[in-house]
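K.L.:
got a sequence here, can you build the structure:
(one chain, ligands or ions: 1)
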Amino acid sequence: MSTVLVIGAGGVSSVAVHKMAMNADIFSDIHLASRTKSKCDAIAASVKDRTGQQVKTYEIDAEEVPAMINLIRSLNPSLVVNLALPYQDLPIMDACLEAGVDYLDTANYEPKDEAKFEYKWQWAYHDRFKEAGLMALLGSGFDPGVTSVFSMWLKKHKLKTIRTLDILDCNGGDHGQAFATNFNPEINIREVTAPARHWENGEFVETPAMSKKVAFDFEEVGQKNMYMMYHEELESLAKFLPELERGRFWMTFGDEYIKHLTVLQNVGMTGIEPIQFQGKDIIPLQFLAAVLPKPETLGETTKGKTNIGVIATGEALDGSGEKTFYIKNICNHEDAYAETGNQAVSYTTGVPAMIGSAMMLTGKWKGDGVFNMEEFDPDLFLEMLNENGLPWKVEELAGPVEF
Ligand code: NDP
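P.N.:
Next up is the predicted model:
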């Protein structure tokens, strides 16, 4: 029985709040606050309709720390769940410290004027959370999030050491639009246009964005081109798997997506430096995000499946030599939409955000300080993943990946 305050009212928040309401024994009192209150009200109405549970809503600019502190103090939650944008991570963490409440998010902090996402800013809060006797859990989405938990499950149950690790993120969904992003367009485009980085022999190696492409046959989706890119869990995995020789992240993109993105980049529409337009400063990428379809409107038309997993190779726990395992979840866009009114990209993020929150509220995962997903027992989390709409499976492959 706990009170929780969720910040942000996009697709991820919508799924997380629906799923919290479906676990009312843990989340007995749900509060939802965001910049646009009408979006909170729409989520609350859908939750009421689907589950009968009441969600109370508020308007807040999460970057206004004093206002956040007041809101937290007035509601007295056990946990603040940050499902707004990465830019708000630090102000919300500041407010949590001041108001004395635990914190969770799904994406690491990124400064608005620098497309650079790293854990260093949030790891720097560790001592302050520890001294205050508070807990912050970072990156409790799918990737980052479940991919780290999958990796630690393999380390616990299958492999004594992990030598190589590849995270494969496939969205085989089709939304019928020429070009749209499945989550916040600004964050998504900043991520895919950044240089690729992978972990190799103790350091990050940088290569040009989208320059390494591999065709891979994904179960229940089929053959797709995936591109190597940087993703934030590589930083925490390299830290918590010190034996890791090589860690890479791959994401699938269709040829149409690449074509549109290339043109948009070439004409300067993905820039994050302000430009003067009709006497006003505008940021091209923010303008682009404003004209693209809103991710939360894609759910109704999206068909197909996501398939996200980890392939890891290392020394088997049972002493049988080097082994390779593939652990993954496959999620159907239409099923996700039928259950919560959101497509699978929001669903696969919102469900783990709810589960991470449940781990903290039930005390199954606990500690004082700032933590990553790799630091806790993966079994309890993955048990809940199975029970809450994202079943996972593991298989042994014949040998290491050859790409
Ligand atoms: P959306 O853009 O759909 O939603 C973001 C929400 O945050 C909006 O409701 C927005 O308000 C609100 N918001 C933005 N700025 C503020 C502010 N200053 N104060 C209060 N609220 C604010 O994003 P998504 O739902 O797609 O993504 C949410 C988060 O999840 C992001 O951080 C994203 O990076 C992360 N994510 C993580 C994944 C993972 O697997 N780990 C995968 C996908 C996403 P408004 O409606 O007014 O714009």
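K.L.:
count of residues packed around the closest residue to the ligand within the stretch 251-400 of the chain?
P.N.:
Here the stretch 251-400 of the chain gets closest to the ligand at one residue, Thr349, 4.0 Å apart by CB to the nearest ligand atom. In this view, the C-beta of every residue, glycine as well, is placed from N, C-alpha and C. The tally of other residues near Thr349 (other CB atoms under 10 Å) stands at 27.
K.L.:
for Lys294, same thing?
P.N.:
Lys294 has 14 neighbouring residues, counting by other CB under 10 Å.
K.L.:
got the confidence number for it?
P.N.:
Per-residue pLDDT puts Lys294 at 86.
K.L.:
how about Ala194?
P.N.:
You'll see Ala194 listed with a pLDDT of 88.
K.L.:
tell me if I'm right that it and Ala209 touch.
P.N.:
Yes. Judged on CB atoms under 8 Å, Ala194 makes contact with Ala209 at a distance of 6.2 Å.
K.L.:
spell out which parts of the stretch 151-300 of the chain neighbour the ligand.
P.N.:
Contact residues, the stretch 151-300 of the chain versus the ligand (CB under 6 Å from any ligand atom): Phe183, Asn184, Ile187, Pro295, Glu296.
K.L.:
how close does the residue lying closest to Phe381 once chain neighbours are set aside sit to the ligand?
P.N.:
Spatial nearest neighbour of Phe381, excluding adjacent residues (CB to CB, 6 or more residues apart in numbering): Val149 at 5.1 Å. Relative to the ligand, Val149 is positioned 12 Å away (CB to the nearest ligand atom, to the nearest Å).
K.L.:
OK, contacts around Val149?
P.N.:
By CB atoms under 8 Å, 6 or more residues apart in numbering, the contact set of Val149 is Met373, Glu374, Pro378, Phe381, Leu382, Leu385.
K.L.:
name the residues of stretch 68-79 that are buried.
P.N.:
Neighbour counts using 16 or more other CB atoms under 10 Å place Met68, Ile69, Leu71, Ile72, Leu75, Pro77, Ser78, Leu79 of stretch 68-79 among the buried residues.
K.L.:
let me see the contact set for the last one.
P.N.:
Spelled out, it's Leu79. Counting by CB under 8 Å, 6+ apart, Leu79 touches Ser2, Val4, Leu5, Val101, Asp102, Tyr103, Leu104, Ser357, Met360, Leu361.
K.L.:
in space, what's closest to the last one - neighbours in sequence excluded?
P.N.:
Of all residues not flanking Leu361 in the chain, Ser2 sits nearest, at 4.5 Å (CB to CB, 6+ apart).
K.L.:
between the contacts of Leu79, which is nearest Tyr125?
P.N.:
Of all the contacts of Leu79, Tyr125 sits closest to Tyr103, with 8.9 Å by CB to CB.
K.L.:
so what's the closest one scoring on pLDDT?
P.N.:
On pLDDT, Tyr103 comes in at 98.
K.L.:
wait, isn't it in contact with Pro91?
P.N.:
No. The pair Tyr103 / Pro91 is not scored as a contact, 11.3 Å apart, by CB under 8 Å.
K.L.:
tell me which of those two has more neighbours.
P.N.:
Shown here are Tyr103 and Pro91; by other CB under 10 Å, Tyr103 has more neighbours (25 against 18).
K.L.:
where's the more buried one relative to Leu79, distance?
P.N.:
Separation of Tyr103 from Leu79 (CB to CB, to the nearest Å): 7 Å.
K.L.:
buried sites along stretch 261-279?
P.N.:
Neighbour counts over stretch 261-279 (16+ other CB under 10 Å) mark Leu261, Leu264, Gln265, Thr270, Gly271, Ile272 as buried.
K.L.:
count of neighbours near the residue nearest to Leu361?
P.N.:
Around Ser2 there are 18 other residues, counting by other CB under 10 Å.
K.L.:
can you pull the contacts of it?
P.N.:
If you count contacts by CB under 8 Å, 6+ apart, Ser2 has them with Ile26, Phe27, Ser28, Asp29, Pro77, Ser78, Leu79, Leu361.
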